[in-house]
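Colleague: have a look; sequence and predicted model below, questions after that.
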Amino acid sequence: MQNRLLFLGPPGAGKGTQAELLCNDHGLLHLSTGELLREEVSAGTDLGKEAELIMNRGELVSDDIVLSIVKKRLSNCSQGWLLDGFPRNLAQAQLLGELLEKIVQPIKAVLLIEIDDETLTDRLLSRGRKDDNAEVIRNRLSIYREKTAPLINFYQNLGILRSVEGCGNIKDVKSRIRNALN
Ligand code: AP5
């Protein structure tokens, strides 16, 4: 199993759910920038206050903020890791590449979880997080298409992209991911 991974895919594709399962099974550090930002919001830190309004609109928090969060954790990480929700645009991918080169920890594989809009919207509406309402979901999707989807080509050109279908139950998706990463 590859031990330095990145999960890519639209909101609601199942990145967080599957990342947690994989990390538990293989002892990887699960680094979700969304989760880490929500922790900052709950703790009421300055960073959290700055991020909260942006997240509630479904827009992207600044590259500097997310990079600082990731940098601190990756630089001190002695185990394998899985990045979930980062990078979110080409600038972040570039900055991540520079950081990983510096700490000599190249990404082994990028996994794209593909899913149709209707299924992901249903999933998010039934979860009901603060940013899971119809209008914000539309915004998150359009930002995904504009800013994040170009990373698919970026990582394809590096020869490390794999993809799986994200529809179906959690167990089936889990087994597709295992096959794709083995
Ligand atoms: P983030 O937390 O990363 O949200 P997201 O990418 O929109 O992802 P989601 O958590 O909605 O979806 P997911 O693919 O992880 O699916 P999940 O497993 O949760 O980011 C939130 C915000 O933070 C961003 O909008 C932005 O503002 C900010 N942010 C984060 N990172 C940033 C960055 N790098 N730069 C700038 N800003 C950043 O599943 C969704 C639901 O579906 C769950 O209820 C789950 O139980 C259910 N589910 C999962 N799989 C299945 C299945 N197979 N069948 C049925 N239900 C399922």
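Modeller: Okay, I see it.
Colleague: doesn't Gly97 lie inside a helix?
Modeller: Yes: counting by DSSP: H, G, I helix; E, B strand; the rest coil, one finds Gly97 located in a helix.
Colleague: buried stuff in the host helix or strand of Lys171?
Modeller: Assessed by DSSP states H and E, Lys171 sits inside helix 170-181. Neighbour-count burial for helix 170-181 flags Val173, Lys174, Arg176, Ile177, Arg178, Leu181 (criterion: 16 or more other CB atoms under 10 Å). Bear in mind the C-beta positions are built from the backbone N, C-alpha and C, glycine included.
Colleague: got it, and stretch 16-28?
Modeller: Under the neighbour-count rule (16+ other CB under 10 Å), stretch 16-28 has Gly16, Thr17, Gln18, Ala19, Leu21, Leu22, Cys23, His26, Leu28 buried.
Colleague: can you narrow these to ones near the ligand?
Modeller: By CB under 6 Å from any ligand atom, the members of the buried residues of stretch 16-28 lying near the ligand are Gly16, Thr17.
Colleague: helices or strands up against the helix holding Lys171?
Modeller: Here helix 170-181 touches helix 15-26, strand 109-114, strand 161-165, going by 3 or more CB pairs under 8 Å, 6 or more residues apart in numbering; DSSP states H and E.
Colleague: pLDDT weak spots in the protein?
Modeller: For the chain, no stretch is flagged by pLDDT under 70.
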